[in-house]
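> show me the folded form of this:
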Amino acid sequence: MNGDRRLRQSCQILLSGLLFLSWGCVHRIHVTPTPPAVSPATIAQSLQVTVPFLAVEGADHMPGIALLEWQAQDLRSAAIDYIQSRQTFASVGDKPADLTLTVKAWLTMRSRGNYRYSLRLESALGLSEKLPIKSYLVVKETVGSSVRWVTASDQAPIEEAVQAALDDLLSQIEADHLLYRKGAR
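Next comes the predicted model:
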């Protein structure tokens, strides 16, 4: 009788522990990058930002590693807030506008001592409902810690990569600002 009780208690403790670990092992990422300055070249058109997908590779394919969850919607919101703060366009949002910026993103995470996070943004900007006027490619890599115990150990380097990628992307777009003037095409 005592053996059955111990076995039952052991199973309950083990099951509770596994349930607790499964809830606590997902690192949910939320980024809020801020531009270093206001744009020197404003484009007097409204902008719609779309992020059709965000692929994450490496974080959940390594044994014993916590899962990483980062939604495309979070990257879209971060890009919209960043572009609004930078004041590159007359207005920016997720609703139809004069121009559409489509951003496809890949986050790759590798472990070589410290974790390395590589963010690749393939973006296209053009008149809404038409082919893009120009495409842009940005790849940024950051280095994180050697362990991933808490969400911040993933979030900080990912946010740093997003910040650097958006800085680079918007600098490229601003350099091409004449392409996006009304009546330019």
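> give me the nearest residue to residue 78, chain neighbours excluded.
Nearest residue to residue 78 in three dimensions, chain neighbours excluded: residue 31, at 4.8 Å (Cβ to Cβ, 6 or more residues apart in numbering). Just so you know, the C-beta spots here come from the backbone N, C-alpha and C atoms, and that holds for glycine as well.
> residue 73 is in contact with the one you found, correct?
No - contact criterion Cβ atoms under 8 Å: residue 31 and residue 73 do not qualify, at 11.7 Å.
> the two - which one has more neighbours?
residue 31 (21 against 11; other Cβ atoms under 10 Å).
> the more buried one: what's it in contact with?
74-75, 78, 155, 158-159, 162 (Cβ atoms under 8 Å, 6 or more residues apart in numbering).
> one more time with 6 Å
78, 159, 162 (Cβ atoms under 6 Å, 6 or more residues apart in numbering).
> can you list the buried residues in the helix or strand hosting the second one?
Right, the one you point to is residue 159. Following DSSP states H and E, one finds residue 159 within helix 152-175. Across helix 152-175, burial judged by 16 or more other Cβ atoms under 10 Å covers 153-155, 157-171, 173-174.
> contacting residues around that helix?
If you take Cβ under 6 Å, 6+ apart as the criterion, helix 152-175 is touched by 27, 29, 31, 33, 39, 41, 68, 82, 86, 88, 117, 119, 121, 123, 136, 138, 140, 142, 144-145, 148.
> recalculate using a threshold of 7 Å.
For helix 152-175, contacts defined as Cβ atoms under 7 Å, 6 or more residues apart in numbering pick out 27, 29, 31, 33, 36, 39-41, 68, 70, 78-79, 82-83, 86, 88, 107, 117, 119, 121, 123, 125, 136, 138, 140-145, 147-148.
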